[in-house]
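Colleague: Model the following, please.
(chains A and B)
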Amino acid sequence: MASVELVNLHKSFGTVEVLRDLNLQVSEGEFVALVGPSGCGKSTLLRILAGLDEASSGDVVIDGEWVNDLSPKERNIAMVFQSYALYPHMTVEENIGFNLRISGIGKPEIRRRVGEAAQILDLSELLKRKPSQLSGGQRQRVAMGRALVRNPDVFLFDEPLSNLDAKLRVQMRDEIKRLHQKVRTTSIYVTHDQVEAMTLADRIVILDKGRIQQVGTPTELYRHPANAFVAGFIGSPSMNFLDGVLSKNSKRATVSLADDTKLRFPTTDNLPAEGNVRVGLRPEHLQISKGGKGENTLRGTLELIEPTGAQNLLKVGIAGQSLTAVDNTLAELSINQPIEFSIEADKIAVFPPN
Amino acid sequence: MSAIVESSTDSLSARGTVRRRAPDKRRVLKKRLMPWLFISPYLVLFIMFTAFPLGFSIFLSFHEWNPTSGLDGMNFVGLTHYADIITDPWLWKSLYNTVWLAIVAGVPQHLIAIPVAYLLVSVFKGALRHFYTATMFIPFITSTVAISLIFYTIYSGNSGILNQWLLALSDVPVIGALFAWVPDAMPIRWLSSSALIKPAIAFVVVWKYTGFNIVIYSAGFLTVSKDLYDAAEVDGCSAWQKFWHVALPMIRPFVFFALTLTIIGNLQLFEEPFVLTAGDSGGVAQSGLTASYYLYLAGWEWHQMGYATAVSWILFLFIAVITSVHFYFNGRKGMGGDR
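Modeller: Numbers count the residues shown, from 1 in each chain, chains lettered A, B, ... in the order given. Here you go, the predicted model:
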């Protein structure tokens, strides 16, 4: 186990800046997820951490040691690749034990350690098979076994579940979480799937255009997003954004929407300046109401119903824009009917305009 | 479940109300004939220039025939040619030379091409790699006769540049000691000494075909996923270990393919030995006589077409047996079963 620190990390490919002034600290045994849209630089960051790419400037510190010039092996990291990167000509046993063999460890010791890793990952029956004879989930476990067997200081995962189907992904997610709870090795996990990040990580790092947007626990990011990007990225279905005009005094603030709907809530320190703003409303915070005369009621027309079983996703036209609302009551509704929603004042988020 | 049962009993076909229309007969006929029409040009050429000569050559191998005497001069001799072949010392000598050249001119091609291709793919990118690959490919697309003629002059005993270089090297300080024997051995007769002629031919073959193998192996190395090299690096592999444990096993299908082409090609060597021995019965003591060269001599120099076709069938069987052995031992892994 080791801590990981990135100091003023910068990476560019020619004139394209991929990572900019990145600073991050990961504590010993922590599970940190790097999340962001495609091309945000998360995989590049992981490769720099692994020693597969060099940073243009800045430092990588693992366990208090400056490792910029060290090879991946010298950094004692292990990496699970998106494509698994298993050696097709080797059996499962040879794949898992390959790095031990390269390190010159004796055969009996390799067999013992491969056996242990295989047992943890439920691969004991498959040791003599080649990767081509395995299912996607089994290959994924072999890739984890290869990382696990060397007892690394840091685990790096590069979108390891993205090639699996939805059901298997959930299953493997649980296995990774269980494995981390068992071995408590510092882990850095890259994904573009925010659900994966939220369920697995102790802390999440949100990246966009090469910059860290926010670092925090899943709950912090959900409840107190630092900006509209984080607010829109975290949460499923994603947050609704409406254009409005903000006015405020020392106690109360009001946002007027295009259809003159008023949303009122207490003034807080981090509210943007008066004028044009974007209001963020989470779909799960919109409650269907009837004949609402109280504050914070939105009126619109139901455009679409998407049943998902446990809940219905409602697409609603409000103030000339389209919103998504989650209906857990599975109410009997019909398309094009007028509909009202209410939202609690402390659930309204306000961000500066684009 | 009940919904499925319901729908099956309620379906149109279950109620017998599905209408059937007969297809247009002309369209069906056209659909059947069209593929034959498209492949007919090839079929005609194949029958004329491949299938018929193949069959005719079997027929011919049981006859004695001098082509200058016309088709009337064909005499049936049964298996006589095949019986004669068994006791023909020139044929056995030519087969020995063929195998010798196949090995000595074959193995180095691959031992050179594999590492060169790996370096090309791993060190050079884009246009520069294409330039180097194309440069190395040029000998392959140059006329074999032209190449052989150039090497004929290079190997020349008195005026050949090879001997002049060796002489010059013997005068160079320090390394000259390695070539001290050269002045006494001059003129080295590369093409008219039974001991040197085969190595001289083998060198030309290696020089000509290595570039072709480099192209095949470059294509092979390019198919290896970059992730595998990354994984090997994370596993702690050195550059050599990455080549040996990852890259090389990954290009097995390409090695298999290239080896197959080399085996078949080298067992049919003709132009290089023919030009380098000036078409003179395989050179001194038939040391440069290959099987293809021999069947040419039998057919076109001695006008024994029947015997020549029998030799060609023996050569075919010989190549088939050796290729089968190669497939038997290397086929499973070579066919890329793991990929």
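Colleague: what's the distance between A:T261 and B:A105?
Modeller: According to C-beta to C-beta, to the nearest Å, A:T261 and B:A105 sit 87 Å apart. For glycine as for every other residue, the C-beta is placed from the backbone atoms N, C-alpha and C.
Colleague: Pick out whichever of these two has more residues nearby.
Modeller: Neighbour totals were compared for A:T261 and B:A105, and B:A105 leads with 25 against 17 (other C-beta atoms under 10 Å in any protein chain shown).
Colleague: who's in contact with the more buried one?
Modeller: Residues counted as contacts of B:A105 (C-beta atoms under 8 Å, 6 or more residues apart in numbering or on different chains) are B:201-203, B:205-206, B:209, B:266, B:269.
Colleague: Just the ones of the residues you listed in strands?
Modeller: Among these, no member falls in strands (DSSP state E).
Colleague: Quick one: low-confidence residue ranges for the chain.
Modeller: If you meant another chain, say so; for now it's chain A. Residue ranges of chain A with pLDDT under 70: A:292-294.
Colleague: Oops, wrong one, chain B.
Modeller: In chain B, residues with pLDDT under 70: B:1-9, B:333-339.
Colleague: on that earlier part again, most neighbours among the contacts of B:A105, which one is it?
Modeller: Busiest of the contacts of B:A105 [other C-beta under 10 Å] is B:I201, holding 31 neighbours.
Colleague: That one and B:F274 touch, don't they?
Modeller: No - with contact defined as C-beta atoms under 8 Å, B:I201 does not count as touching B:F274 (9.9 Å).
Colleague: Other residues contacting stretch A:285-296?
Modeller: When contacts are defined by C-beta under 8 Å, 6+ apart, stretch A:285-296 is touched by residues A:240, A:262-265, A:297-298, A:323, A:325-327, A:329, A:331, A:339-345, A:347-348.
Colleague: and with 7 Å instead?
Modeller: By C-beta atoms under 7 Å, 6 or more residues apart in numbering or on different chains, the surrounding residues in contact with stretch A:285-296 are A:263-264, A:297, A:325, A:327, A:329, A:331, A:339-345, A:347.
Colleague: List the buried residues in the helix or strand harbouring A:M144.
Modeller: Under the criterion of DSSP states H and E, A:M144 resides in helix A:136-148. Buried residues in helix A:136-148, counting neighbours by 16 or more other C-beta atoms under 10 Å in any protein chain shown, are found at A:137-148.
Colleague: Check stretch B:38-53 too.
Modeller: Buried residues in stretch B:38-53, counted by 16+ other C-beta under 10 Å: none are found.
Colleague: Please export the alpha-carbon coordinates of it; PDB is fine.
Modeller: Extracted C-alpha coordinates of stretch B:38-53, given in PDB (Å, rounded to 0.1, in the frame of the first residue of the first chain):
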ATOM      1  CA  PHE B  38     -19.600 -13.900 -63.600                       C
ATOM      2  CA  ILE B  39     -17.000 -16.600 -62.900                       C
ATOM      3  CA  SER B  40     -17.100 -18.000 -66.500                       C
ATOM      4  CA  PRO B  41     -14.100 -15.800 -67.800                       C
ATOM      5  CA  TYR B  42     -12.000 -17.200 -65.000                       C
ATOM      6  CA  LEU B  43     -13.300 -20.700 -65.500                       C
ATOM      7  CA  VAL B  44     -12.400 -20.700 -69.200                       C
ATOM      8  CA  LEU B  45      -8.900 -19.400 -68.500                       C
ATOM      9  CA  PHE B  46      -8.500 -21.900 -65.600                       C
ATOM     10  CA  ILE B  47      -9.500 -24.900 -67.700                       C
ATOM     11  CA  MET B  48      -7.300 -23.800 -70.700                       C
ATOM     12  CA  PHE B  49      -4.200 -22.800 -68.900                       C
ATOM     13  CA  THR B  50      -4.300 -24.800 -65.600                       C
ATOM     14  CA  ALA B  51      -6.600 -27.800 -65.500                       C
ATOM     15  CA  PHE B  52      -5.800 -29.000 -69.000                       C
ATOM     16  CA  PRO B  53      -2.000 -28.700 -68.800                       C
END
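Colleague: Please confirm that A:E303 is located within a strand.
Modeller: Yes - the assignment for A:E303 (DSSP: H, G, I helix; E, B strand; the rest coil) places it in a strand.
Colleague: Name the SS class of the nearest residue to it once chain neighbours are set aside, please.
Modeller: Excluding its sequence neighbours, the residue lying closest to A:E303 (C-beta to C-beta, 6 or more residues apart in numbering or on different chains) is A:K315, at 4.7 Å. Assigned with three-state DSSP, A:K315 falls in the strand class.
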